[in-house]
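Student: sequence and predicted structure below; questions after.
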Amino acid sequence: MQDEYVQTDLTVVGGGLAGVCAAIAAARLGRSVALVNNRPVLGGNSSSEVRVWVCGATAHGRQRYARETGIMGELYVENQYRNPDGNPYYWDMVVHEAVRNEPGIQLFLNTDVHDVEASGDPDNRRIDAVTGWMLGSERRIRFESPAYADCTGDGLVGHLAGARHRIGREARAEYDEPWAPETADDITLGSTLLFYTKDAGHPVKYVPPSFAIDVTKTPIPERRIIRSGDNGCAYWWIEWGGELDIVQHNERIRDELWAVIYGVWDYIKNSGKFDADTMTLEWVGTVPGKREYRRFVGDYTLTQHDILNQTPFEDRVAFGGWSIDLHPPQGVYATEAGSKHWHSNGVYHIPLRSLYSVNVENLWVAGRDISASHVAFGTTRVMATCAVVGQAAGSAAAVALDTGVTPRQLAHDHLDRLHQVMLREDASVLGVRNDDPADLARHARMSASSALTDLAVRPEPSGPTARPLTTDAGVIVPVDPELTQVGLLVEAATRTDLTVEVFDTGLEQNYVPHKRVAQAGVTVEPGPPRWTWLDLPWQPGSPQNAFVIVRANPDITLFTSGTAEPGIRSFEHRPAPPEAEFEQPLLDWVKLRDWQHLCVGVRPETAACRPEKAIGGFARPWAGPQMWASEPLAGVPEWLRLDWPEPVTLNQVEIVFDDDVDEYLINLHHWRTPFDVIPTLIRDYRIEIDTTGDGDWQIVTRQQDNRRRRRVHRMDEATEVHALRVVAESTNGSPRAHIVSVRVYHSR
């Protein structure tokens, strides 16, 4: 036996996506980190051991412009390039390499933390050390840090330290949550095992093990979707254990889930109801994917109302957008549906006060164990949301250590500093503006070779695609500064009326109709397709998105194009059935498929994509696209330029390119995106400086084959310049050059 001691600034226990992002975030901010994981691979439930796809704020593509940025965004985009077919082992390596690329992280795999030393009274405790045993190496390792992050999911570290926590469901009266039960109980969401199949190309028999259940004697065939070609997360509903203690009874739950899997496969192979003669099992999980256990008590408990009302917390540090997704306690044996969902109208905010323990002063929490009610946990638990919370916790831990304060003091007294640090790292924070005083770009005068001002989706050269107006159609368009007319490419079968209404979206991050602000109608004569314009005046007090609804008329045909334009998205109306429990506008409006967009135009010219947007302070869509977009590249580079009234000294340029956060990506399967690199990313570019003020441009760096959203370029020497420009030579497929943000620093 070998005893070892590891001293770092931060010890992160748990190597799921929350722990990975917490460790990377703190390391990038200059802190030494020990990342301790009790499994042989990183990624938690998304790893090759469990193989759950990474869901997040996009809600499988339902939420608009909601894909995570920051570290989770980097993982998504890199995985899309390396692993477009969703190989779980390739995903393991994407996550593993992201950790190994950070020199400030010491990684300890197969290390189970089983002992926590803490001091103080029950109301004011502090962790002094944690000790883990490294399986297979006979190493006992003691980790000492001034700060700790419990990203274990089960909350073991905090529990052993005496941190207050909850298990199970709160009573409805506690937070007045409609989806909470009348009486509190210890019921949780269950665990799941998944399986993969393949076609062997020849007949394969299957003899079930003796413990396999007979699914025909259960509600499974009637209440669940079973298909011979499905595998992996299509069988998320193979869930059980919600009425047990999912940690204490983990082995029993695993055995029952195995019995279900082998019984379902027996039904597929041997019932005669499926075409499965040549199919065989390729992989069956052995590690149950847990959904819920301890939830720590922080200074704030996130509730159902915060999710659905999208509470605008002052201390927001992350966002989510998955539905409140709760499952019946009986899991696979339940007679009701396997899940029920309640979607907010857009993404919601997560406060810093939910990411630390109320009574252990140096304990951060991230992942599925944050301070949330059981109902709110139904949405925060998904892994991409856990990941952005992890980046927030890791960033907060680093800033707290820098300033010498506790988590609570950071939340109350140093929030602005944390926000600015996170925004510079492109973290998933919404509605907070960059006001970093060190950013020289904020004081520059912006100009560009060109800018998109005539905002319209026009037919492709091959011609538009007809789309009969049999249901209401919707279009999101940015309004900056005003709207006077909306134009549509239409064709009428007979003389008929076209009715169009304009709605605001309520909140800056929402993309659903909220309140009607204008309406108009026009008579359309029969004939070939023609542009028809309607007067729809609206001048909001500040830039906003408009949701334009074109009312159904079967005598009218609209047209679509495969060419997207910044800030414009198109929808069709699919209203919920009359028996729906409650309204969910997000589900009523479905994005057009196959990357199609209604041919639409707006007047007057828009300022939504002017050069100034690149220093406007927002690095993601917020009441508009919030980026510079050029006119189409026509063999000549497009550029974005910064001029200063007096020369400035700089040595670092940080650029955020547009990776189209409305594009839904997935890490393993379920959805195949047809490109390896996001088309809107600028591919080849150069950075030039003017040191004389005479327009004598010098190239300081050139980048080719870019596939990343955020790039940081540090010069060898600090240089005094009059102007700087980013020259876009080509994109990865988009007709225009897009730049979301430019920051300029003199870093010492």
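Tutor: Yep, that arrived.
Student: which strands and helices sit next to the longest strand belonging to the chain?
Tutor: Determined from DSSP state E, the single longest strand within the chain is strand 710-731. When contacts are defined as 3 or more C-beta pairs under 8 Å, 6 or more residues apart in numbering; DSSP states H and E, strand 710-731 sits against strand 638-657, strand 682-690, strand 697-703, strand 738-745. Placement of C-beta: from N, CA and C, glycine included.
Student: so that strand versus strand 682-690, what angle?
Tutor: Angle, strand 710-731 to strand 682-690, by axes from the mean of the first three to the mean of the last three C-alpha atoms, to 10 degrees: 110 degrees.
Student: describe which strands strand 710-731 pairs with in its sheet and in which direction.
Tutor: Using DSSP bridges, strand 710-731 pairs in its sheet with strand 638-657 (antiparallel), strand 682-690 (antiparallel).
Student: now do that strand, average pLDDT.
Tutor: Mean pLDDT, computed over strand 710-731, is 97.
Student: mind listing what's buried in it?
Tutor: Neighbour counts over strand 710-731 (16 or more other C-beta atoms under 10 Å) mark 710-711, 719, 721-731 as buried.
Student: redo the residues you listed as CSV? Include distance to D435.
Tutor: Shown next, in CSV, are the buried residues of strand 710-731 (distance: C-beta to C-beta, whole Å):
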residue, distance to D435
R710, 19
R711, 22
T719, 25
V721, 23
H722, 24
A723, 23
L724, 20
R725, 24
V726, 22
V727, 28
A728, 27
E729, 32
S730, 33
T731, 30
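Student: for the residues you listed, which one is nearest V457?
Tutor: For the buried residues of strand 710-731, the closest approach to V457 (C-beta to C-beta) belongs to T731, at 18.0 Å.
Student: isn't A66 up against D660?
Tutor: No - using C-beta atoms under 8 Å, A66 makes no contact with D660, being 11.7 Å away.
Student: more neighbours: those two, which one.
Tutor: Neighbour comparison, A66 and D660: the larger count goes to A66, with 27 against 20 (by other C-beta atoms under 10 Å).
Student: show the contacting residues for the nearest residue to the more buried one once chain neighbours are set aside.
Tutor: Nearest non-adjacent residue to A66, counting by C-beta to C-beta, 6 or more residues apart in numbering: A57, 4.1 Å away. A57 makes contact with Q63, A66, R67, E68, F319, G320, G321, W322, V347, A384, T385, S428 under the criterion C-beta atoms under 8 Å, 6 or more residues apart in numbering.
Student: if you set the cut-off to 10 Å instead, what comes out?
Tutor: Listed by C-beta atoms under 10 Å, 6 or more residues apart in numbering, the contact set of A57 reads 63, 65-68, 72, 318-322, 346-348, 379, 382, 384-385, 388, 428, 430, 509, 661.
Student: which element is G73 on?
Tutor: Assigned by DSSP states H and E, G73 belongs to helix 70-82.
Student: and what of D266?
Tutor: helix 250-270.
Student: and C386, that's in a helix?
Tutor: Yes - counting by DSSP: H, G, I helix; E, B strand; the rest coil, C386 is found in a helix.
Student: tally of neighbours for it?
Tutor: Residues near C386, counting by other C-beta under 10 Å, number 33.
Student: so it is in contact with G56, correct?
Tutor: Yes - counting by C-beta atoms under 10 Å, G56 is a contact partner of C386 at 8.7 Å.
Student: overlap of the contact sets of those two?
Tutor: Counting by C-beta under 10 Å, 6+ apart, the residues touching both C386 and G56 are L17, M72, G320.
Student: contacts only, for the second one.
Tutor: M72 is in contact with 17-18, 20-21, 54, 56-57, 318, 383-391, 427-428, counting by C-beta under 10 Å, 6+ apart.
Student: state the distance from S271 to I220.
Tutor: Noted for S271: a distance of 12 Å to I220, by C-beta to C-beta, to the nearest Å.
Student: so what sits against both of those two?
Tutor: Counting by C-beta under 10 Å, 6+ apart, the common neighbours of S271 and I220 are I226.
Student: and these two? Which one has more around it.
Tutor: I220 (21 against 13).
Student: give me phi/psi at that one?
Tutor: When quoted as degrees, to the nearest 10, the phi and psi of I220 stand at phi -60, psi -50.
Student: let me see the ranges of the helices in the stretch 451-600 of the chain.
Tutor: 585-588 (DSSP state H, counting those that start in this stretch).
Student: all strands of it, in order?
Tutor: With DSSP state E, counting those that start in this stretch as the criterion, the stretch 451-600 of the chain has strands at 465-468, 473-479, 483-492, 496-504, 515-524, 530-538, 544-550, 556-561, 569-573, 589-591, 597-598, 600-603.
Student: closest to R252 out of those?
Tutor: With C-beta to C-beta as the criterion, R252 lies closest to strand 589-591 of the strands of the stretch 451-600 of the chain, at 41.4 Å.
Student: list the buried ones in the closest one?
Tutor: If you call a residue buried by 16+ other C-beta under 10 Å, then strand 589-591 has these buried ones: W589, K591.
Student: is it true that P219 touches G331?
Tutor: No - P219 is beyond contact range of G331, at 11.1 Å (criterion: C-beta under 10 Å).
Student: now name the helix or strand holding V375.
Tutor: Per DSSP H and E: V375 is located in helix 374-380.
Student: which strands or helices does that helix pack on?
Tutor: In this structure, helix 374-380 makes packing contacts with helix 172-175, strand 295-296, helix 304-309, strand 316-320, strand 324-326, strand 340-342, strand 348-351, helix 383-403, judged by 3 or more C-beta pairs under 10 Å, 6 or more residues apart in numbering; DSSP states H and E.
Student: the same query, at a cut-off of 6 Å, please.
Tutor: Judged by 3 or more C-beta pairs under 6 Å, 6 or more residues apart in numbering; DSSP states H and E, the packing partners of helix 374-380 are helix 304-309, strand 324-326.
Student: mean pLDDT, distance to P288 and mean neighbour count for these - can I get that in TSV?
Tutor: Listed next are these as TSV, based on pLDDT from 0 to 100; distance: least, C-beta to C-beta, whole Å; neighbours: other C-beta atoms under 10 Å:
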stretch	mean pLDDT	distance to P288	mean neighbour count
helix 304-309	98	27	21
strand 324-326	97	18	20
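Student: could these go into TSV alongside distance to D696?
Tutor: Shown next, in TSV, are the helices and strands packed on helix 374-380 (distance: least, C-beta to C-beta, whole Å):
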stretch	distance to D696
helix 304-309	55
strand 324-326	59
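Student: looking at the ones you listed, which is closest to L536?
Tutor: helix 304-309 (29.3 Å).
Student: now do that closest one: everything it contacts.
Tutor: Applying C-beta atoms under 6 Å, 6 or more residues apart in numbering, the contact partners of helix 304-309 are E177, W179, I324, S344, Y348, V375, A376, T379.
Student: could you rerun that using 7 Å?
Tutor: Y175, E177, P178, W179, I324, W342, S344, Y348, S373, V375, A376, T379 (C-beta atoms under 7 Å, 6 or more residues apart in numbering).
Student: try stretch 731-744
Tutor: For stretch 731-744, contacts defined as C-beta under 7 Å, 6+ apart pick out 424, 439-441, 452, 566, 614-615, 619, 626-633, 638, 640, 642, 650, 653-658, 675, 677-683, 724, 726, 728.
Student: just how off-centre is it within its chain?
Tutor: A distance of 21 Å separates the C-alpha centroid of stretch 731-744 from that of its chain, computed with C-alpha atoms, centre = their mean, to the nearest Å.
Student: for stretch 353-364, same thing?
Tutor: Its chain's C-alpha centre and that of stretch 353-364 lie 24 Å apart, by C-alpha atoms, centre = their mean.
Student: how about stretch 557-572?
Tutor: Remark: stretch 557-572 is offset 23 Å from the chain centroid, using C-alpha atoms, centre = their mean.
Student: buried sites along that stretch?
Tutor: Under the neighbour-count criterion of 16+ other C-beta under 10 Å, stretch 557-572 has 557-561, 563-572 buried.
Student: how about stretch 540-549?
Tutor: Buried residues in stretch 540-549 (16+ other C-beta under 10 Å): P540, P543, Q544, N545, A546, F547, V548, I549.
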